[in-house]
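Colleague: need the 3D shape of this:
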Amino acid sequence: MRLPRVLRPFALPVLPFVLATLAGASVVAQQPDPAQIVHRLHAIGGKGLRSDSTFDLLERMRAYHVPGVSVAVIDGARIVFARGFGVTTFGGATPVDTMTLFLAGSISKPVFASGVLTLVEQGTLSLDEDVNRQLVSWHLPDSRFTQSRKVTLRHLLTHSAGLTVHGFPGYEMGKPIPTIPQVLDGAPPANTAAVRNDTTPARSGAIPAAASRSRSSWRPTRRTKRFPRS
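Modeller: Take a look at the predicted model:
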């Protein structure tokens, strides 16, 4: 898969141990059985680990006390391997399979960034313009932290916008689901606080300490196409 040219400068770490696209493709190319990838996990940035260190998925699950994992390997736009491991909850007996639902969480960030930066490459969005000039259904309230420097899309993609809310826990099935503006404003039935600035957006290349915990949902844009809910 060819990523947009503008995506390359951004580093978007997702998990301590991941099946990186390029590494996974390399393993699949070398192994006739794609299932072997779960025995050849590579650590990313592991302290004191050799670059060729490999790990077994089940061993890593035990080490990190993870009850269940779902893995899919995609090669050449095809799913060549998919399997669930473990159970859906600690002490439970329901096994994880390929239909088990997981909260996407931070895995959605590179998907979102790839789509947004495609629009940047096409000239539809700007990396360095005030995001409030590009948002439609919601706007980030001005504050003393944004008087001298406005939040930009570049800030949001690099976690340097100085925003609050460190994460989103999700919602139980059958319970009310808030709209995106309700989530961003912390309005019921949202279960998180309002997304606001609690520090000044960073200058290009500089990330303040407070920005390291910023997590922003920058979804309402000029694009009005609706995407199906899973």
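Colleague: count the neighbours of Thr124 for me.
Modeller: As a burial measure, Thr124 scores 13 neighbours (other C-beta atoms under 10 Å). To be clear about C-beta, it is placed using only N, CA and C from the backbone, and glycine gets the same treatment.
Colleague: who touches stretch 56-75?
Modeller: For stretch 56-75, contacts defined as C-beta atoms under 8 Å, 6 or more residues apart in numbering pick out 17, 19, 24-25, 28-29, 34, 37-39, 41, 79-90, 92, 95-98, 100, 102.
Colleague: now, which of the residues you listed lie within strands?
Modeller: Members of those lying in strands (criterion: DSSP state E): 41, 79-86.
Colleague: emit the PyMOL select command for whichever of the residues you listed are buried.
Modeller: A single PyMOL command selects the buried members of the ones in strands among the contacts of stretch 56-75 (16 or more other C-beta atoms under 10 Å):
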select buried, resi 41+81+83+84+85+86
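Colleague: identify the farthest-apart pair in the ones in strands among the contacts of stretch 56-75.
Modeller: Largest separation among these by C-beta to C-beta: Val80 and Gly86, giving 21.5 Å.
Colleague: CA-only coordinates of stretch 116-125 in CSV, if you can.
Modeller: Extracted C-alpha coordinates of stretch 116-125, given in CSV (Å, rounded to 0.1, in the frame of the first residue of the first chain):
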residue,chain,number,x,y,z
VAL,A,116,-6.3,13.2,6.3
LEU,A,117,-2.8,13.5,4.8
THR,A,118,-4.2,12.2,1.5
LEU,A,119,-6.5,15.3,1.5
VAL,A,120,-3.5,17.5,2.4
GLU,A,121,-1.6,16.1,-0.6
GLN,A,122,-4.7,16.8,-2.8
GLY,A,123,-4.8,20.4,-1.5
THR,A,124,-8.2,20.0,0.2
LEU,A,125,-6.8,20.5,3.7
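Colleague: perfect, I'm done here.
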